[in-house]
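Student: No sequence on hand, only this structure:
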């Protein structure tokens, strides 16, 4: 059973190679845009439901069954809204900024192995590519804050720059710690290594530490509470997207949720064996991999939502102190310990 | 190193408007901030966006009517504001007030204080980024509002007091429901600490910022929890007892740190004290009349009258100059929020924008109280 391979061969038998590759690319793009839209919209709904649950409320429950169509209606509203902007904004950069954010998010999503076959883009520098892509997204936020010609937006954008540059180090280093065990940056290889035991089990203590650091830094990367200084509502109003409206605002909003999905997916792939079922209980049904992948990802997303709805926000200097004085040294030490463990064969081997 | 390079990185102060429409000012307060990067250099409050000339309107109205204007000042302490005016008028007329009225007024005033503090707690959490606290605060506040609604028909602007007593007697369910609320709130108040007070991020955000010394607290005229967090013993209930506060035992919560966390703690502990005050009184509401008959047209004897009470925000003073007619000649309210706002520039300078928001939240400003 190899669906993507079958489709690939079928397409190439049907038409010349050039046409076939173009059609294939379009197909992949359409499928991933679909995933992108559905994931984004339903994560927004999930967040609202989870928030309601934490806050003794019901959450959206009017549009569709139990509010299932609420975010669809919201998206329709945002699409049909007038795009307003400031006269003194730098128009070119102002219009460019949302695309930076949304396109980088879309590029990253194509890398994940949802099942053994369902992976659009399996390159040998997978992890490196993910980290690189996610750092481009911040350019969009910086541009948005700068070009809006609004002081609140500018403060938000500057905070974002500082925050992302700092926390990217921790994200990268904690993933690097895990890569030491796999010996490969390719995502499919990383999953292959976990066939008999997830990496977080194989690497035991240093892996758990790496996971904790990754969760903290990952939450900071997505600019979510308790690290939502970029759009700190009570301080900056709406932060960097103060001057955006309609669909342009929706791009930023959607990208935030997609980024959360990406961070959770990376964690699923690197720490929890991506599509692999626990103890191999559904090993014979590869299609169920999607189910396991989503279950694990949603569990991590739920954890991030839990952070958001219980923790207060950090202050900007505390944010930097946390990264540079605590997370980074800890991370470097953890990396060395992991390297020694791999060298001495102290990891749990199955 | 080339000096021009250094000059290129010269930093400049800039000004931003926080408000009149801003989530952290909780109303139409405008703060003109002078900022260097993230650091606050100067805070200039700009008032008047919700000024309704309440003091001037009082000169036009009879004393019964004035009571109804006051709950539009500090709407979260509406009952206590009403009580302040009524006490002033009653003292001026030297009316004998039934014991029952005094006790009921005190119980409702303390319930008002708890309601105000729960709302403050919810909004406080929201200001530092913990959005869930808002709903927890409102959950408990709703129960108090239900009790009020049953007794006097209103939930926010109470109008329960009239000069001479109360508008009507308490509802038969009042005692039962108040007791139920006390039992409920005693289990919920520790949750507040679990969710917010002991959170490491929250503690780091709050401790050691916005420090107000005792001397400054006195010279700025700070009162209420703001003054008491700096060690300034200023509880009007304790020092100039009114209504039924002389027959209950309660502690005046005093802290010496004077930072935002101390102000936060004072309010949390005050809720416990209010609960204890209500518990002492709720079983001992004396029987009797719920008002003393006054003339339909109240005329205060010629002279000046002053009465202060402790609202949820601090010391509210009511000053009436009467020339013996049915209207006051001049009326002045000393509102706690105004004095507390005046010290914002003093304690916020040098902090970050996030600090300013947290500091402002612990001052517990209600803008209609400041602008009147």
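Tutor: Yes, it's here. Only a predicted model underlies this, so the values are computations on that prediction, with no experimental measurement involved.
Student: and residue 135, what element?
Tutor: Defaulting to chain A. Residue A:135 is part of helix A:126-147 when elements are defined by DSSP states H and E.
Student: try again with chain B
Tutor: Using DSSP H and E, residue B:135 falls in helix B:132-152.
Student: same deal with residue A:61?
Tutor: Assigning secondary structure by DSSP H and E places residue A:61 outside every helix and strand.
Student: With residue B:41 instead?
Tutor: Assigned by DSSP H and E, residue B:41 falls in strand B:39-46.
Student: Now that strand: average pLDDT?
Tutor: The average pLDDT within strand B:39-46 is 89.
Student: try stretch A:242-259
Tutor: 84.
Student: so who does residue A:311 touch?
Tutor: Residue A:311 makes contacts with A:225, A:226, B:129, B:130, B:199, B:201, as judged by C-beta atoms under 8 Å, 6 or more residues apart in numbering or on different chains. For every residue, glycine as well, the C-beta is placed using N, CA and C.
Student: same check, this time on residue A:134
Tutor: Contacts of residue A:134 (C-beta under 8 Å, 6+ apart): A:104, A:108, A:168, A:171, A:221, A:259, A:262.
Student: Farthest-apart pair in those, please.
Tutor: The widest separation within those, taken as C-beta to C-beta, falls between A:104 and A:171 and amounts to 14.5 Å.
Student: Please point out which parts of the lengthiest helix in chain B sit buried.
Tutor: Using DSSP state H, we find that the single longest helix of chain B is helix B:99-127. With burial defined by 16 or more other C-beta atoms under 10 Å in any protein chain shown, the residues of helix B:99-127 counted as buried are B:100-127.
Student: cool, stretch A:275-283 as well?
Tutor: Of the residues in stretch A:275-283, A:275, A:276, A:277, A:282 count as buried by neighbour count, 16+ other C-beta under 10 Å.
Student: And for stretch A:99-114?
Tutor: In terms of neighbour count (16+ other C-beta under 10 Å), stretch A:99-114 has its buried residues at A:100-114.
Student: Also stretch A:162-172?
Tutor: By 16+ other C-beta under 10 Å, the buried positions in stretch A:162-172 come out as A:162, A:163, A:164, A:166, A:167, A:168, A:169, A:170, A:171, A:172.
Student: ok, the second one touching residue A:220?
Tutor: Yes: the pair residue A:163 and residue A:220 passes the contact test of C-beta atoms under 8 Å, sitting 6.0 Å apart.
Student: which residues do those two both contact?
Tutor: A:227, A:319.
Student: related to what we said a few turns ago, let's have the contacts of residue A:134 in JSON lines, adding distance to residue B:191.
Tutor: Putting the contacts of residue A:134 into JSON lines (distance: C-beta to C-beta, whole Å) gives the following:
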{"residue": "A:104", "distance to residue B:191": "41"}
{"residue": "A:108", "distance to residue B:191": "39"}
{"residue": "A:168", "distance to residue B:191": "37"}
{"residue": "A:171", "distance to residue B:191": "34"}
{"residue": "A:221", "distance to residue B:191": "32"}
{"residue": "A:259", "distance to residue B:191": "32"}
{"residue": "A:262", "distance to residue B:191": "35"}
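Student: Pick out whichever of these sits closest to residue B:291.
Tutor: Lowest distance from residue B:291 to these (C-beta to C-beta) belongs to residue A:259, with 63.7 Å.
Student: so where is the stretch 201-350 of chain A shaky, pLDDT-wise?
Tutor: The stretch 201-350 of chain A contains no residues with pLDDT under 70.
Student: for chain B, what are the nearby residues on it?
Tutor: With C-beta under 8 Å from any C-beta of the partner chain as the criterion, the stretch 201-350 of chain A meets chain B at residues A:225-226, A:228-229, A:232-237, A:309-318.
Student: Can you classify the closest residue to residue A:177 other than its chain neighbours by secondary structure?
Tutor: Counting by C-beta to C-beta, 6 or more residues apart in numbering or on different chains, residue A:177 lies nearest to residue A:210, which is 4.3 Å off, once chain neighbours are set aside. Three-state call for residue A:210 (DSSP: H, G, I helix; E, B strand; the rest coil): helix.
Student: State the number of residues packed around residue A:210.
Tutor: Other residues within reach of residue A:210, judged by other C-beta atoms under 10 Å in any protein chain shown, total 28.
Student: and what of residue B:351?
Tutor: Residue B:351 has 21 nearby residues by other C-beta under 10 Å.
Student: Can you pull the phi and psi angles for whatever residue of chain B ends up closest to chain A?
Tutor: As assessed by C-beta to the nearest C-beta, chain A sits closest to residue B:129 within chain B, at 2.7 Å. Dihedral pair for residue B:129: phi 100, psi 0, per degrees, to the nearest 10.
Student: from the contacts of residue A:134, which is closest to residue A:96?
Tutor: The closest of these, once distances to residue A:96 are taken by C-beta to C-beta, is residue A:104, at 12.7 Å.
Student: Now for the closest one: which residues touch it?
Tutor: By C-beta under 8 Å, 6+ apart, the residues touching residue A:104 are A:133, A:134, A:136, A:137, A:140.
Student: Identify the residue spatially nearest to it, adjacent ones excluded.
Tutor: residue A:137 (4.2 Å).
Student: State the distance from that neighbour to chain B.
Tutor: Noted for residue A:137: a distance of 22 Å to chain B, by C-beta to the nearest C-beta, to the nearest Å.
Student: Tell me the spacing between that residue and residue A:314.
Tutor: Look at residue A:137 and residue A:314: by C-beta to C-beta, to the nearest Å, they are 21 Å apart.
Student: In strands, which of the contacts of residue A:134 appear?
Tutor: Counting by DSSP state E, the contacts of residue A:134 place none of their members in strands.
Student: Quick check: the residue of chain A nearest chain B.
Tutor: residue A:313 (2.7 Å).
Student: How about residue B:163, nearest residue that isn't a chain neighbour?
Tutor: Per C-beta to C-beta, 6+ apart, closest to residue B:163 is residue B:89, 4.1 Å.
Student: what about the one you found, helix or strand, and which?
Tutor: helix B:78-93.
Student: any idea what the closest residue in space to residue B:62 that isn't next to it in sequence is structurally, helix, strand or coil?
Tutor: Setting aside the residues directly before and after it, residue B:62 is nearest to residue B:326 in space (C-beta to C-beta, 6+ apart), at 5.4 Å. Judged by three-state DSSP, the three-state class of residue B:326 is coil.
Student: you'd agree residue B:326 is up against residue B:60?
Tutor: No: counting by C-beta under 8 Å, residue B:326 stays clear of residue B:60, with 10.8 Å between them.
Student: what's around residue 30, how many residues?
Tutor: Chain wasn't specified; assuming chain A. Residues lying near residue A:30 (other C-beta under 10 Å) number 10.
Student: Switch to chain B, please.
Tutor: Residue B:30: 18 neighbours (other C-beta under 10 Å).
Student: Check residue B:337 too.
Tutor: Using other C-beta under 10 Å, residue B:337 has 27 other residues around it.
Student: One more: the one 5 residues further on?
Tutor: Neighbourhood size, residue B:342 [other C-beta under 10 Å]: 14.
Student: What ranges does the stretch 151-300 of chain A have for its helices?
Tutor: Using DSSP state H, counting those that start in this stretch, the helices found in the stretch 151-300 of chain A span residues A:151-182, A:187-193, A:199-202, A:204-221, A:233-236, A:246-271, A:289-310.
Student: can you give me the mean pLDDT across stretch B:244-263?
Tutor: For stretch B:244-263, the mean pLDDT works out to 88.
Student: Do I have it right that residue A:58 meets residue A:48?
Tutor: No: between residue A:58 and residue A:48 there is no contact under C-beta under 8 Å: 10.3 Å.
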